[in-house]
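Colleague: Sequence first, predicted model second:
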Amino acid sequence: MSTRCLSVLLLLLLAAQSLLRKVRCSPTCNNHCCRFVETFPGRLRRLREDYVQIRDFYEANDDLDTALLDQTVEDSFRTPFACHAMNSILDFYLRTVLPAAITGMPEDTKELKPFVESIQLIFDELNRSVAKCRKYFGCQKQFDIIKLNTSYSQMENNGVYKAMGELDVLFNYIETYLASKRHRNHAVSL
């Protein structure tokens, strides 16, 4: 065989090896839960875009120094029961915070309503997917939402401003948790 033929053969082998490595390293999403985790960054981007539209209003009306989504909530997103924490907090926002934000919106800020409703729709979809994918996430223990509910109730009418003003914090917790699940899938598929 000539040197040129060997060079071409070697290049073809290297190209094939490179292609196989890419195929092995890319996650194979053959179920709803894996696809949900892999496509969530797009929804997270939409959540953040909508939040930018309402953030100034809620932060301007939040005159409380106490954090609602405190360190214990963040720590819960780093444990084996993080999916339960996320599910409980999403349920809290869907049942309590977002409806109060929509109904309590002053007339002069009605242009913010579609952004709050968009966040509500994405949270609802996220909540359903998390509930459907409990086995996939490997949840081990329930999250206790009572402290968060109590803190919110003690804030009275200002609770909605606090909770809505901290949505970006919640987005970060969710992003970190779901990103950890993406890395696991990439490692598993190797």
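Modeller: Arrived safely.

Colleague: Would you mind pulling up the elements that the longest helix along the chain packs against?
Modeller: Scanning the chain for the helix with the most residues, using DSSP state H, yields helix 32-61. In terms of contacts (3 or more CB pairs under 8 Å, 6 or more residues apart in numbering; DSSP states H and E), helix 32-61 is packed against helix 113-132, helix 134-137, helix 159-165, helix 167-188. For every residue, glycine as well, the C-beta is placed using N, CA and C.

Colleague: quick one: buried residues of that helix?
Modeller: Under the neighbour-count criterion of 16 or more other CB atoms under 10 Å, helix 32-61 has 33-34, 36-38, 40, 43-44, 47-48, 50-51, 54-55, 57-58, 61 buried.

Colleague: Show residues contacting stretch 62-74.
Modeller: For stretch 62-74, contacts defined as CB atoms under 8 Å, 6 or more residues apart in numbering pick out 85, 89, 147-148, 151-152, 155, 158-159, 161-163, 165-166, 169-170, 173.

Colleague: One more pass at 6 Å, please.
Modeller: Under the contact criterion CB atoms under 6 Å, 6 or more residues apart in numbering, stretch 62-74 has outside partners Ser151, Met155, Asn158, Tyr161, Lys162, Ala163, Gly165, Glu166, Val169, Leu170, Tyr173.

Colleague: Same question for stretch 82-94.
Modeller: By CB under 6 Å, 6+ apart, stretch 82-94 touches 76-77, 123-124, 126-127, 130, 137, 139, 142-143, 145, 177.

Colleague: distance between it and the chain's centre?
Modeller: Distance of stretch 82-94 from the chain centroid (CA atoms, centre = their mean, to the nearest Å) equals 11 Å.

Colleague: how about it as PDB, C-alpha atoms only?
Modeller: The C-alpha trace of stretch 82-94 is given here as PDB (Å, rounded to 0.1, in the frame of the first residue of the first chain):
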ATOM      1  CA  ALA A  82     -34.400  18.100  45.900                       C
ATOM      2  CA  CYS A  83     -37.100  17.100  43.400                       C
ATOM      3  CA  HIS A  84     -39.600  17.100  46.300                       C
ATOM      4  CA  ALA A  85     -38.300  20.500  47.400                       C
ATOM      5  CA  MET A  86     -38.700  21.800  43.900                       C
ATOM      6  CA  ASN A  87     -42.200  20.300  43.600                       C
ATOM      7  CA  SER A  88     -43.300  21.700  46.900                       C
ATOM      8  CA  ILE A  89     -42.000  25.200  46.200                       C
ATOM      9  CA  LEU A  90     -43.500  25.200  42.700                       C
ATOM     10  CA  ASP A  91     -46.800  24.100  44.100                       C
ATOM     11  CA  PHE A  92     -46.600  26.900  46.700                       C
ATOM     12  CA  TYR A  93     -46.000  29.500  43.900                       C
ATOM     13  CA  LEU A  94     -48.700  28.000  41.800                       C
END
